[in-house]
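A.B. asks: I need the structure of the sequence given here:
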Amino acid sequence: MSKWMLGVAKFVPMLVLALLSARASAGTVQVPSDIAITLTAAPTAALRPGQPVEFTLGVTNNGPAPVRRLLITGPDVYDQIYLPGGAWTDCPMFLTVVDGSAASYWYLFWYPAFPNAPDIAVGETRTCRFRLELTPAAQAVTPVSVGLPSFYLDPNPSNDRATVLLTRAVTPAATPVPTLARSVLVLLAGLLAGIAALRLFRLTGNRF
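C.D. replies: Sure thing, here's the model as predicted:
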């Protein structure tokens, strides 16, 4: 099982970003086959901050030609998700954490057929499993998306990206203290006044 490559050497994320910038500035990249992306996660509902979520990312080559040097990116998530200390993956990934003006965010890069893996054959599916966690900043529903970068073009762009929705657990609302209606309060006040008058009558022995 491969370990996370978390930029222990600072040049790794910088190199990845440089490669992306170079490819984007050079124009689009034509992929010779239809690449289909799938993404599943478990669990996805009633999640609490710090609870592990295990993702399975799939890349399928629907043909007509083998594919190499394929790049998968995402998710582009701000501070709603983080990589726990026990994060794992079974495929070589790069992670870049960027400090923005409002908050930091991280981005994943996976090369399923480059530089050391063989070409993805027609009909072949390759998978990558990884684990993430929600943070206390996560919204009620947090989308997590992965897929081909925008400058990659293939014959069927409709399946180039996949998304799962992570739903936070709902915190039970405090039970409101019931309030008495005004008419009930008036009735209770009258009863208390009557009881007080009766006690006074018995103590004094007076008659009306």
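A.B. asks: which stretches of the protein form helices?
C.D. replies: For the chain, the helices defined by DSSP state H cover 11-25, 182-204.
A.B. asks: worst average pLDDT in these?
C.D. replies: Per-stretch mean pLDDT for these is lowest at helix 11-25 (a mean of 48).
A.B. asks: and T38, what are its bridge partners?
C.D. replies: Under DSSP bridges, the beta-bridge partners of T38 are G58.
A.B. asks: okay, now P136: neighbour count?
C.D. replies: Counted by other CB atoms under 10 Å, the residues lying close to P136 total 10. Quick note: C-beta positions are derived from backbone N, CA and C, even for glycine.
A.B. asks: That one and R48 touch, don't they?
C.D. replies: No: using CB atoms under 8 Å, P136 makes no contact with R48, being 9.4 Å away.
A.B. asks: hey, which helix or strand in the chain has the poorest pLDDT?
C.D. replies: helix 11-25 (a mean of 48; mean pLDDT, DSSP states H and E).
A.B. asks: Pull out the buried residues from stretch 61-79.
C.D. replies: Residues of stretch 61-79 classed as buried by neighbour count (16 or more other CB atoms under 10 Å): 61-62, 67, 70-75, 77.
A.B. asks: Looking at it now, give me its mean pLDDT.
C.D. replies: In the prediction, stretch 61-79 has an average pLDDT of 86.
A.B. asks: before we move on, what about stretch 153-163?
C.D. replies: 96.
A.B. asks: So what touches that stretch?
C.D. replies: With contact meaning CB atoms under 8 Å, 6 or more residues apart in numbering, stretch 153-163 is reached by 28-39, 57, 62, 74, 143-148, 152.
A.B. asks: now do 6 Å
C.D. replies: 28, 30-31, 34-39, 143, 145, 147-148 (CB atoms under 6 Å, 6 or more residues apart in numbering).
A.B. asks: before we move on, what about stretch 54-65?
C.D. replies: Outside stretch 54-65, the residues touching it (CB under 6 Å, 6+ apart) are 32-34, 36, 38-42, 67, 112, 120, 122, 124-131, 146.
A.B. asks: And the buried ones among these, selectable in PyMOL?
C.D. replies: Buried members of these, defined by 16+ other CB under 10 Å, are picked up in PyMOL with:
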select buried, resi 33+34+36+39+41+67+112+120+124+126+128+130+131+146
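A.B. asks: and I35, how many neighbours?
C.D. replies: Counted with other CB under 10 Å, I35 comes out at 24.
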